[in-house]
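>>> sequence and predicted structure are below.
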Amino acid sequence: MKIILITLTLITTIIMTTCEEDCVTFQNIGEENIADIMSLIPLQGSYQQGTKLTVAINLPASNSYFSDPVNLLDATGDETALVVLDGDDLFVENSLTFIKGNQGEYSHWFILPYNSQTGMYELEVQITLDKLGTYSKSKYGKIYLGPSDPTACAAYLLNTQFMNIDGQYIEFTVTK
């Protein structure tokens, strides 16, 4: 019985480490390579409850974010990209209206469909600020393109950030 247990444990370990070693991801690494392709409009220090903000992401399928020029649609075959934003303060307890794209598995995950007319993966979400208080949200995110669960082993991983934000965070207050 002990031998069977040890054998099963070894097989599971070998399979798990083999999958990780086989994973090859092209990513834009480094502070200087972070793509400024996300926007938050209007960008202010304070808002009234009920104000509508728009988060937009426009990722050109053909780009040079990974050093060499690549067409992400051709390279991956993905008709959608997944963006994971750092933190979910902005998306919890506020109303979201999707103009382009849709909600991912979690509140700070979003799906960017490919638009063949613009040649871009696009997301546009209107956020109605219902929740009062102070917000502090990281300005960073990651866009994954690749297999069905790209966060496990993405073919392409793009580090991105919101444009026109000084410092590490988007900070503002919502009052009545």
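Yes, it's here.
>>> show me the shaky parts of the protein.
Filtered on pLDDT under 70, the chain yields the residue ranges 1-25, 27-33, 147-151.
>>> now do the helices in it.
Applying DSSP state H to the chain gives helices spanning 2-22, 72-76.
>>> and the last one, how far out from the chain middle?
On the basis of CA atoms, centre = their mean, to the nearest Å, the separation between the geometric centre of helix 72-76 and that of its chain is 17 Å.
>>> and the nearest residue to S95 once chain neighbours are set aside, how far from E93?
Excluding its sequence neighbours, the residue lying closest to S95 (CB to CB, 6 or more residues apart in numbering) is T128, at 4.1 Å. (C-beta placed from N, C-alpha, C; glycine too.) As judged by CB to CB, to the nearest Å, T128 and E93 stand 11 Å apart.
>>> ok, now which ones touch the nearest residue to D78 once chain neighbours are set aside?
Leaving aside its chain neighbours, D78 sits nearest to L145 (4.9 Å; criterion: CB to CB, 6+ apart). Taking CB atoms under 8 Å, 6 or more residues apart in numbering, we find L145 in contact with 72, 76, 78, 81-82, 154-156, 158.
>>> hmm, try it at 7 Å
Going by CB atoms under 7 Å, 6 or more residues apart in numbering, L145 touches 72, 76, 78, 81, 154-156.
>>> quick check: beta-bridge partners of the residue nearest the centre of the chain?
Most central in the chain under CA atoms, centre = their mean is V83, positioned 1.9 Å from the mean C-alpha point. Assessed by DSSP bridges, V83 has beta-bridge partners F110, I143.
>>> and stretch 159-174, how far apart are its ends?
One end of stretch 159-174 sits 28 Å from the other (CA to CA, to the nearest Å).
>>> tell me the buried residues in it?
Buried residues in stretch 159-174, counted by 16 or more other CB atoms under 10 Å: 159-162, 165, 169-170, 172, 174.
>>> now stretch 118-129: how far from the chain's centre is it?
Distance, centroid of stretch 118-129 to centroid of chain: 12 Å (CA atoms, centre = their mean).
>>> and for it, what's in contact with it?
Taking CB under 7 Å, 6+ apart as the rule, stretch 118-129 contacts 47, 49-62, 81, 83, 90, 94-101, 110, 112-115, 174.
>>> equivalent analysis for stretch 166-176, please.
40, 44-49, 129, 131-139, 162.
>>> how about a cut-off of 10 Å?
Residues from elsewhere that reach stretch 166-176 (CB atoms under 10 Å, 6 or more residues apart in numbering): 40, 43-51, 53, 86-87, 89-90, 94, 129-140, 161-162, 165.
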